[in-house]
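In: Requesting a structural model of the entry that follows:
(one chain, ligands or ions: 1)
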Amino acid sequence: MSTDLEAALRILREGCGDRVRTRVPLAPLTTFRVGGAAALYLEPEREEDLATVRRAVGETAIPFTIIGKGSNVLVSDEGFPGLVLRLGKGYRWAARDQDEVRAGAAMPLPALAGVALRHGLSGLEFGVAIPATLGGAVTMNAGAHDGQIGDIVRRIEIYRVGDGQAVSLPAEAAAFSYRRSALPEDAIVTAATLALRPGPPDAIRASMERARAWRRRTQPLAEPNCGSVFKNPPGGHAAAMIETAELKGTLVGGAAVSTKHANFIVAGPEATATDVLALIRLIQERVRRSAGVELEPEVRLVGRFDGDAA
Ligand SMILES: Cc1cc2nc3c(=O)[nH]c(=O)nc-3n(C[C@H](O)[C@H](O)[C@H](O)COP(=O)(O)OP(=O)(O)OC[C@H]3O[C@@H](n4cnc5c(N)ncnc54)[C@H](O)[C@@H]3O)c2cc1C
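Out: The predicted model follows:
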């Protein structure tokens, strides 16, 4: 272990004890189920833990990153050479106040959709089958079925690892756009408030059931994947372009373009992150040739690939 990692580990152990772990496999913490280990790993439970993280990162040169449900990340086979955070149970809560629901960032989106349903609040039906945490959904501006989280977020609470400030921002500060938010690089989303509207529970439940059934019908949910690999280019559909390029079923090592949904890559038991990235690049190259379009990955790379950190 490098001197910086050892120094960071010492600081983290002072504040968080043996909850800080070393060499933690990340594959089981992602929906792709590939990739290596985190050099250091912590599940922060409260703001004091984040303050300890701030010290550990600030006083050393180690990189850090945060994952939610790991449903939109591809972790390098080399793992992550610094500190990986994943908010713990202390950030898994939800509270209703009239037509608003405020929740911790570790709250799973489907569970939060269930909370909204129980309170007869409509607006989060689109999220019932997105396997995200609220923090990951806000960061990615997750959406489906013509809805996206950015449309219903009212406030976002963040902790800035750079200066240790905990601030509550209006939604506009995130400048939400398609599968993107513009929160500061060092921001950890700790909570968010959603503005919903009263609605008949039967209609909310039916809409959620339709969303679940649509996914079962159209997505390869039984195999490890990260949802849509590419963003839809302006005015087009990535899946249609990949299908037209006759790439469905194409294999690189243990990774394959899903035969059920062309914008999904499924990772077989022998797949590596290197296979997945090689397949991503192959798809980009073929679609560039066949459609003249540069597909932009939606999936986020974690760790070093081909020598470059992502
Ligand atoms: C089967 C399947 C279906 C999917 N369907 C959809 C869909 O319909 N629509 C859609 O938009 N997405 C979909 N996705 C992709 C994914 O669920 C979303 O991108 C989701 O928002 C990722 O949330 P997460 O908690 O898993 O974040 P992760 O994948 O763990 O992280 C994603 C990014 O968010 C950052 N992040 C996570 N938590 C925090 C936090 N608390 N603070 C700051 N940054 C954070 C991470 O650093 C990373 O850059 C699907 C994925 C799967 C596997």
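In: what sits opposite the residue nearest to residue 119 when sequence neighbours are not counted in the beta ladder?
Out: Counting by C-beta to C-beta, 6 or more residues apart in numbering, residue 96 is the residue found nearest to residue 119 once chain neighbours are left out, at 5.1 Å. Yep, even glycine has a C-beta here, placed from its N, CA and C like the rest. Judged by DSSP bridges, the bridge partners of residue 96 are residue 101.
In: so what's residue 96 up against?
Out: 115, 119, 121 (C-beta atoms under 8 Å, 6 or more residues apart in numbering).
In: Just give me the neighbour total for the second one.
Out: For residue 119, the count of nearby residues is 17 (other C-beta atoms under 10 Å).
In: Burial check on whichever residue of the stretch 151-300 of the chain sits closest to the ligand, number of neighbours?
Out: As assessed by C-beta to the nearest ligand atom, the ligand sits closest to residue 227 within the stretch 151-300 of the chain, at 2.3 Å. Residue 227: 22 surrounding residues under other C-beta under 10 Å.
In: before we move on, what about residue 160?
Out: By other C-beta under 10 Å, neighbour count at residue 160 equals 17.
In: Report the separation between the nearest residue to it once chain neighbours are set aside and residue 54.
Out: Setting aside the residues directly before and after it, residue 160 is nearest to residue 186 in space (C-beta to C-beta, 6+ apart), at 5.3 Å. Distance check for residue 186 against residue 54: by C-beta to C-beta, to the nearest Å, it reads 9 Å.
In: thinking again about what came up before, do I have it right that the residue of the stretch 151-300 of the chain closest to the ligand meets residue 74?
Out: No. Taking C-beta atoms under 8 Å as the definition, residue 227 is not a contact partner of residue 74, at 11.6 Å.
In: shared neighbours of these two, anything?
Out: Counting by C-beta under 8 Å, 6+ apart, the residues touching both residue 227 and residue 74 are residue 299.
In: which SS state does residue 163 fall under?
Out: coil (DSSP: H, G, I helix; E, B strand; the rest coil).
In: Use 818 as the first number from now on
Out: Sure, I'll start numbering at 818, so the last one becomes residue 980.
In: For it, list the residues it contacts.
Out: Residues in contact with residue 980, defined by C-beta under 8 Å, 6+ apart, are residue 871.
In: how long is stretch 1005-1024 from one end to the other?
Out: 31 Å (C-alpha to C-alpha, to the nearest Å).
In: Okay, and the beta partners of residue 925?
Out: Judged by DSSP bridges, the bridge partners of residue 925 are residue 950.
In: tell me which element residue 1011 is part of?
Out: strand 1004-1012 (DSSP states H and E).
In: contacts for that strand?
Out: Outside strand 1004-1012, the residues that reach it (C-beta under 8 Å, 6+ apart) are 864, 867, 883, 902, 904, 908, 916-922, 929, 933, 940-941, 951-952, 955-956, 966, 969-978, 983, 1000.
In: can we see that at 7 Å?
Out: For strand 1004-1012, the external contacting residues (C-beta atoms under 7 Å, 6 or more residues apart in numbering) are 867, 883, 908, 916-922, 941, 951-952, 955-956, 969-978, 1000.
In: That one near the ligand at all?
Out: Yes. For strand 1004-1012, a contact with the ligand is found by C-beta under 6 Å from any ligand atom, at 1004, 1005, 1006.
In: Need the mean per-residue confidence for stretch 1074-1093.
Out: Averaged across stretch 1074-1093, pLDDT comes to 98.
In: so how far is the first residue of that stretch from its last?
Out: Criterion C-alpha to C-alpha; first-to-last residue distance in stretch 1074-1093 is 9 Å.
In: what sits against residue 1112?
Out: 1047, 1050, 1055, 1100, 1101, 1104.
In: what about residue 1030, how many residues close to it?
Out: 11.
In: Now do the SS call for it.
Out: helix.
In: gap between it and residue 962?
Out: 12 Å.
In: rewinding a little: what about burial for the contacts of residue 1112, which qualify?
Out: Buried members of the contacts of residue 1112, scored by 16 or more other C-beta atoms under 10 Å, are 1047, 1055, 1100, 1101, 1104.
In: filter those by proximity to the ligand?
Out: Counting by C-beta under 6 Å from any ligand atom, no member of those is near the ligand.
In: what residues does this structure put near the ligand?
Out: Selection of the chain residues close to the ligand by C-beta under 6 Å from any ligand atom yields 848, 882-890, 904, 922, 947-950, 952-954, 956-957, 959-961, 996, 1004-1006, 1036, 1038, 1042-1044, 1117.
In: Now residue 1029: closest residue in space that isn't a chain neighbour?
Out: residue 946 (5.0 Å).
In: Next, that neighbour: secondary structure please.
Out: coil.
In: Neighbours of it, how many?
Out: Residues near residue 946, counting by other C-beta under 10 Å: 21.
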